[in-house]
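> kindly return the folded structure for what I paste below:
(4 chains)
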Number of protein chains: 4
Amino acid sequence: MSEQLKFAQKVLQAQPFSRLLGAELSAFEPGKAELRLAIKADLQQQHGFVHGGVLSYLADNALTFAGGSMLENNALTGEFKINYLRPAVGDMLIARATVKYAGKQQAVSQCDVFVVKDGEEKLCAVAQGTIVKV
Amino acid sequence: MSEQLKFAQKVLQAQPFSRLLGAELSAFEPGKAELRLAIKADLQQQHGFVHGGVLSYLADNALTFAGGSMLENNALTGEFKINYLRPAVGDMLIARATVKYAGKQQAVSQCDVFVVKDGEEKLCAVAQGTIVKV
Amino acid sequence: MSEQLKFAQKVLQAQPFSRLLGAELSAFEPGKAELRLAIKADLQQQHGFVHGGVLSYLADNALTFAGGSMLENNALTGEFKINYLRPAVGDMLIARATVKYAGKQQAVSQCDVFVVKDGEEKLCAVAQGTIVKV
Amino acid sequence: MSEQLKFAQKVLQAQPFSRLLGAELSAFEPGKAELRLAIKADLQQQHGFVHGGVLSYLADNALTFAGGSMLENNALTGEFKINYLRPAVGDMLIARATVKYAGKQQAVSQCDVFVVKDGEEKLCAVAQGTIVKV
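Purely as a prediction, here's the structure:
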């Protein structure tokens, strides 16, 4: 495991909210980040789908880690937008974020969120946002 | 308490994720919804601020309840966008959403998210999104 | 007419694209801006509605003027989002933008775009965006 | 040239606003669309960059053509979001849009907008939006 990934995993583990939900950082390199989250009953809404707020949390965090990788690893989300594509039902969520542009003070990232069911990944949300250096 | 508010509170309580976070619906009428969330340690990120994912969850849910009030109370968020304005530090979050437009199949809502500290409300995020009838 | 409004009108007139479309700045004060645009045939799309790109131009520009009023009048749009609510058919567009938050380096504004037909205003788009000091 | 591309080019030419700006559809197939726009003086803002409203027009239109290709070619933009990355200075704009998801009633597309200067393409904006079947 790279030093970069270890460092970023510590940052994630320092977020109480990410521990509450159970998010894990599965990949991290300059311009890219991947978060995973096992789907549990208490992450659902009233129809048994993963709550949109969980998808938006995961997208937001993946966007920020990706952007932060280009901003000396000290960054916050300034804003983002998410489109929900399908109800998320399955075993696991995977959010993969990529930096589209990085300047000195901010970066713009995009993120695809997949739900994994029976080993198959389906795209369930796409997001785009601005990450600002602290 | 109105029947509408009681009904909408039951919907919120039927969301396991909203129970996990502790959200409460404090107002609900046609075209408007207000959610409250007591700030606890496990809703924070690594700097002690409320995690952006909590703000986005609350905005998303308030947008949906407001939009749903104009769509026969059966609706999902199709997409939304949020701008984070200030670090959220305090005792309580309040999200107030208002419908800007409602058609037969979808509505567009805006939401202001405030953090309350020592009795004072400060705007910490603004959101806008599309709510789709199920 | 205030000196502020005169100054901002000169900025608008210094934009060749705004002259091409015929936009006018009808109000400008700290935290607020209003743009007007007479609807002409060459601003339409194939169904006779005003082209969405015209609405997005007008919203973008109103967001920027409003935000710029809080950022020493020297600012650019960093990003924005727009929801189209109704087909725009009529005589005139009016975009009214308000600043929701202003810091030292950036501001966040919201904008309502109305179409005026037979003297009646109808909301046809809402937008939200980030304005960055140059 | 494919029949699809010819058909879509006719739609674009039926938009008076697209003729006013001089947009051309350079590629069109299921799930993809590419628009080009020669940069002229009257598309600029006060600093000599292409006006943001031109970039948003081009992104909006490319998102819609891409989405429409999956929705029986009869669709409107419901909403979109754009991040401006760099001042656009050069000879030509190219907007390339791709569908990320298509259902029966709507599609979600993303678009990269490039500015071409001295034969080199630079990414100057990214957009994401919802296209709705008419």
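
> next, count neighbours for A:Gly48.
The number of residues packed near A:Gly48 is 10, by other Cβ atoms under 10 Å in any protein chain shown. C-beta here means a position set from N, CA and C on the backbone, and glycine is covered the same way.

> three-state assignment of it?
coil (DSSP: H, G, I helix; E, B strand; the rest coil).

> let me see the contact set for it.
Shown in contact with A:Gly48 (Cβ atoms under 8 Å, 6 or more residues apart in numbering or on different chains): A:Val89.

> distance check, it against D:Ser2.
Per Cβ to Cβ, to the nearest Å, A:Gly48 is found 44 Å from D:Ser2.

> next: A:Lys133.
Distance from A:Lys133 to D:Ser2, counting by Cβ to Cβ: 46 Å.

> longest strand of chain A?
Criterion DSSP state E: the longest strand present in chain A is strand A:120-133.

> now that strand and strand C:120-133, what's the angle there?
Angle of strand A:120-133 versus strand C:120-133, following axes from the mean of the first three to the mean of the last three Cα atoms, to 10 degrees, is 70 degrees.

> so what does strand A:120-133 touch, helix or strand wise?
Packing partners of strand A:120-133 (3 or more Cβ pairs under 8 Å, 6 or more residues apart in numbering or on different chains; DSSP states H and E): helix A:52-68, strand A:75-84, strand A:106-117, strand D:75-84, strand D:92-102, strand D:106-117, strand D:120-133.

> among those, which comes closest to C:Ala41?
strand D:75-84 (19.3 Å; Cβ to Cβ).

> is chain A within reach of the closest one?
Yes - with Cβ under 8 Å from any Cβ of the partner chain as the criterion, chain A is reached by strand D:75-84 at D:81, D:83.

> neighbouring strands for that strand, and are they parallel or not?
Its sheet considered, strand D:75-84 pairs with strand C:75-84 (antiparallel), strand D:120-133 (antiparallel) by DSSP bridges.

> could you dump these into JSON lines and include mean neighbour count?
Shown next, in JSON lines, are the strands paired with strand D:75-84 (neighbours: other Cβ atoms under 10 Å in any protein chain shown):
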{"stretch": "strand C:75-84", "mean neighbour count": "26"}
{"stretch": "strand D:120-133", "mean neighbour count": "22"}
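
> get me the contact residues on chain A for chain D.
Listed as neighbours of chain D in chain A under the rule Cβ under 8 Å from any Cβ: A:81, A:83, A:85-86, A:100-101, A:108, A:110, A:112, A:123, A:126-128, A:130.

> for chain A, which spans come out with low pLDDT?
Of all residues in chain A, none has pLDDT under 70.

> can you tell me which residue sits nearest the middle of it?
Centroid-nearest residue in chain A: A:Ala62, 2.6 Å away (criterion: Cα atoms, centre = their mean).

> what does stretch A:12-31 contact?
Stretch A:12-31 is contacted from outside by A:2, A:4-5, A:8-9, A:33-38, A:40, A:43, A:54, A:57-58, A:61, A:65-66, A:69-70, A:94, A:96, A:98-99, A:102, B:20, B:41-46, B:51, B:53-54, using Cβ under 8 Å, 6+ apart.

> which of those are buried? Put it as a PyMOL command.
If you want just the buried ones from the contacts of stretch A:12-31 in PyMOL, going by 16 or more other Cβ atoms under 10 Å in any protein chain shown, the selection is:
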select buried, (chain A and resi 5+8+33+34+35+36+37+43+54+57+58+61+65+66+69+70+94+96+98+99+102) or (chain B and resi 20+42+43+44+45+51+53+54)
